[in-house]
Each structure stands twice: as structure tokens, then as C-alpha cells.
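> make a model of this:
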Amino acid sequence: MRFAHAKRDRVLALDMTPMIDIVFQLLIFFLTTAQMAQMARTNLDLPSERGEEEKSKDLAGLVINLDAQGTIVVNDATVSVNELEAMAADLAMRTGPASASADPSAFRPLVRADRNAPAERLNGVLTALERAGVKGVRIGTSPPSDKSKGGS
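Take a look at the predicted model:
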């Protein structure tokens, strides 16, 4: 009788191919989305100011980039002030008091203006957002460097 010996010869084989495929698919997905998120941000020279101490948990429904030439860029598309106002009005209506969230300040777009952008153009963007019914905005800044803290 060789029952004990037959039990030792049996090998448990796990096929790792499906798990490796899934890991590679996840890796490709995260690399692609990270690259797309980076491309959505226009490179701007933001003003160096201390921002909010408390990090906001809600995401901006609209990110408005204003470059040094005064061009308004939303989602990699150049838009006019009138188009921006229409977009903001649509989003403010969807997230305003008539929607499920009764908080009127629920929609606070993020305005990222280059430090060399014309002030007149920034005022035009903020006025268009106000006309669209936006109750408040967030202004994008870059944190000040350590050198400016300990200076004169």
C-alpha cells in the first residue's frame, strides 16, 4: 500500500496569469489617468500666498485657468467670457438650492490665474461667475517658499 506516498506526489498548481493580467491593467489605468490629470492643469505662475489652513474635502466642479496673456482655459479648451458664464450658470443651477444639496455655496469653482495675467481679465472672469449665480470662488495659489518666511 502506497497511499501516503501518492499524497505527496500531488502538486497544487495555481495559475497566476489572470492575476498578473489584472495587475498590469490596473497599472496602465492609473498611469493613464494620472497623465490625463496632469494634462488638465495648465502650467501657470501662481501668486505665492498662504492658502486655506483647512483642506477642503469637496472638489471644484469647474477649474478655470487664466494664463499670462489673459486666455481663459477650461478643460484644455479656450473659452470666451460668455461661454464661461453659460458653463458656470449650468453647473450652479445643477448644484444650487434646487438640487439635492441645499447648500447654496456648494458650487465654488477654482480660479487659477497666472500672476502676470491682466487684472481686468480676472475681474471679467469673476464678474461672469457672479452673473452666473456663483456665490463664491476659490483662488489658486502656490505656497510661499521657506526663504520668504525667514527673510527681513
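> from here on, contacts and neighbour counts on C-alpha atoms
OK.
> same for the helix or strand hosting E120, what does it pack against?
Under the criterion of DSSP states H and E, E120 resides in helix 119-131. Judged by 3 or more C-alpha pairs under 8 Å, 6 or more residues apart in numbering; DSSP states H and E, helix 119-131 is in contact with helix 81-95.
> what are the pairing partners of the very next helix or strand once past the helix it packs on, and which direction each?
Sequence order places strand 110-113 as the next helix or strand after helix 81-95, per DSSP H and E. The strands beside strand 110-113 in its sheet (DSSP bridges) come out as strand 63-66 (parallel), strand 138-139 (parallel).
> give me whichever of those is most buried.
Among the strands paired with strand 110-113, strand 63-66 has the highest mean neighbour count (mean count of other C-alpha atoms under 10 Å), at a mean of 23.
> just to revisit the earlier point, any idea which of the strands paired with strand 110-113 scores lowest on pLDDT?
For the strands paired with strand 110-113, mean pLDDT drops lowest on strand 138-139, to a mean of 84.
> what residues does that strand touch?
Under the contact criterion C-alpha atoms under 8 Å, 6 or more residues apart in numbering, strand 138-139 has outside partners R108, P109, L110, V111, R112, A113.
> before we move on, what about stretch 108-117?
Outside stretch 108-117, the residues touching it (C-alpha under 8 Å, 6+ apart) are 44-47, 60-70, 122, 134-141.
> swap in 6 Å and give it another go.
Defining contact as C-alpha atoms under 6 Å, 6 or more residues apart in numbering, one finds that stretch 108-117 is touched by 44-47, 60-68, 70, 136-140.
> please name the nearest non-neighbouring residue to V63.
L110 (4.8 Å; C-alpha to C-alpha, 6 or more residues apart in numbering).
> next one: that neighbour from I20, what distance?
40 Å (C-alpha to C-alpha, to the nearest Å).
> among the two, which residue is more densely surrounded?
Neighbour count, other C-alpha atoms under 10 Å: between L110 and I20, L110 has more, with 18 against 11.
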